[in-house]
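> here are the coordinates; sequence isn't available:
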């Protein structure tokens, strides 16, 4: 609730004046030709790789480091997945990229693996499509 | 206040805050980070504002204040994991505090304490201290320069409460042990109060104030889903024992009044606005001993 919306009721209960912009909302519309460092990594870092998270640099699960840009690239692109018979990211082939498939709310698409990130809400469709576009465009380290 | 008592009070504040240390990892949040904003919201709720100035006649007053805590929308609570995890932070509708104050001529000293009682699933232990000095601005206006600080902690299950660990859609919390989290604010504020003296015959003292505050807020996450617990719900084990820290410097405004209802009973009310945090009301009642 924003400040302007609650002036009439302020003497009764008050109101919040928070100005939130979570990282997953930074991609408002699908980006056709996304940058790995500027568009993809901020999402991976915030949802999977921040310090203490499963894929943080301190102890990256299965060796997949999603906190550091350069380590994320070399531990993800053309690297075999520890949990599926497809690479984590196969350039040009999002449907053969496990990192993209586990973002889906559909269990069959995820090859039966847990949905990532392990939270209440799936990544917004705009974010997932942007990741898909990054892989389709060759998963460049740009 | 004698120097030794001041040193003692500062020592109490620092030691209370140091008691919150102990989490394994630490992540310092950027000021605009939504998690920092949510932490700052609750620190603003706990800020120690005067809600009416200490009595000018030197009497000792004991009472309490209550701050309305507006509920935070679900949208504004989805701040964890970059914006994919909701915090369960809407617990109590009011933040209570016991207060005591005494005037010493132009000076005033105020102490506040929220004792460690578990209410609405939250257990606070927060100390507050303020000192101030009245200044004469004119025939009908007094100024009051006030320095305040709060320190302590509030423990609650906000990352994964009992409802979240029973929710199969919450893949972070489902099947785990309800988290034991702690928010520990350490904040200082400097504010200037302009109090109108023209209605003293009606025992009413309205005022407006503006101030700046610095908050160093720690949030200790303490959540576990063991391998055995995870196996029962077909989810991996989770261990989150990190400290999030936010360092915020912000402005606030308030307008209110103190009213001497009788010779011994003093009431106060205040409209408080902290930009980027909240707009709320505080009330105070105190008796002169």
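Everything's here; your move. Treat the numbers as computed from the prediction; the structure is a model and nothing was measured.
> let me see the ranges of the helices in the chain.
All of this refers to chain A. A:41-44, A:69-74, A:98-101, A:125-136 (DSSP state H).
> wait, chain B
B:3-18, B:34-45, B:74-77, B:227-233.
> those helices: lowest mean pLDDT?
Mean pLDDT is lowest for helix B:3-18 out of the helices of chain B, coming in at a mean of 41.
> residue ranges in the chain under the pLDDT threshold?
Picking chain A for this. A:1-13, A:51 (pLDDT under 70).
> not quite, go with chain B.
Ranges of chain B meeting pLDDT under 70: B:1-24.
> residue nearest the centroid of it?
Geometric centre of chain B, nearest residue: residue B:46, 1.3 Å, by Cα atoms, centre = their mean.
> and that residue, what does it touch?
Residues counted as contacts of residue B:46 (Cβ atoms under 8 Å, 6 or more residues apart in numbering or on different chains) are B:67, B:95, B:114, B:126, B:150, B:154, B:185, B:187. Quick note: C-beta positions are derived from backbone N, CA and C, even for glycine.
> next: residue A:69.
Residue A:69 neighbours (Cβ under 8 Å, 6+ apart): A:36, A:37, A:41.
> how about residue B:237?
B:225, B:226, B:227, B:229, B:230.
> run through the bridge partners of the nearest residue to residue B:256 once chain neighbours are set aside.
What sits nearest to residue B:256 in space, not counting adjacent residues and going by Cβ to Cβ, 6 or more residues apart in numbering or on different chains, is residue B:270, at 3.2 Å. Using DSSP bridges, the bridge partners assigned to residue B:270 are residue B:256, residue B:282.
> just send the helices of chain A back as TSV, with distance to residue A:21 too.
Shown next, in TSV, are the helices of chain A (distance: least, Cβ to Cβ, whole Å):
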stretch	distance to residue A:21
helix A:41-44	12
helix A:69-74	22
helix A:98-101	25
helix A:125-136	14
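> count of residues packed around residue A:44?
26 (other Cβ atoms under 10 Å in any protein chain shown).
> is it true that it touches residue A:72?
Yes: between residue A:44 and residue A:72 there is a contact under Cβ atoms under 8 Å: 6.4 Å.
> ok, the residue nearest to residue B:256 - how many residues close by?
22.
> likewise for residue B:198?
Neighbour tally, residue B:198, other Cβ under 10 Å: 12.
> what residues are up against it?
residue B:140.
> can you say which of the contacts of residue B:237 are buried?
B:225, B:229, B:230 (16 or more other Cβ atoms under 10 Å in any protein chain shown).
> what's the closest of those residues to residue B:138?
residue B:225 (63.5 Å; Cβ to Cβ).
> which one is that closest one nearest to, not counting chain neighbours?
Counting by Cβ to Cβ, 6+ apart, the residue nearest residue B:225 is residue B:176, at 3.2 Å.
> which residues does residue B:142 contact?
So residue B:142 contacts B:134, B:135, B:136, B:194, B:195, B:197 (Cβ under 8 Å, 6+ apart).
> tell me, how many residues neighbour the fourth one?
Spelled out, it's residue B:194. Residue B:194: 15 neighbours (other Cβ under 10 Å).
> quick one, what contacts it?
Counted by Cβ under 8 Å, 6+ apart, residue B:194 has contacts B:137, B:141, B:142, B:143, B:144, B:207, B:208, B:209.
> how close does the residue nearest to the centre of chain B get to chain A?
To chain A, residue B:46 is 14 Å away according to Cβ to the nearest Cβ, to the nearest Å.
> quick one: that residue and residue B:137, what's the gap?
In this view, residue B:46 and residue B:137 are 30 Å apart by Cβ to Cβ, to the nearest Å.
> same check, this time on residue B:130
Counting by Cβ to Cβ - residue B:130 and residue B:137 are separated by 20 Å.
> between these two, which one's more packed in?
More crowded of residue B:130 and residue B:137, by other Cβ under 10 Å: residue B:130, with 22 against 13.
> who does the more buried one bridge with?
Assigned bridge partners for residue B:130, using DSSP bridges, are residue B:110, residue B:148.
> kindly report the same for the one 5 residues further on.
With DSSP bridges as the criterion, residue B:135 is bridged to residue B:143.
> right, and it touches residue B:145 too?
Yes: with contact defined as Cβ under 8 Å, residue B:135 counts as touching residue B:145 (6.5 Å).
> now do the same contact list for the residue of the stretch 151-289 of chain B found nearest chain A.
Proximity of the stretch 151-289 of chain B to chain A (Cβ to the nearest Cβ) peaks at residue B:280, 3.4 Å away. Shown in contact with residue B:280 (Cβ under 8 Å, 6+ apart): A:14, A:15, B:45, B:67, B:68, B:69, B:70, B:271, B:272.
> how close does it get to residue B:128?
Applying Cβ to Cβ, the value for residue B:280 to residue B:128 is 17 Å.
> now do residue B:159
26 Å.
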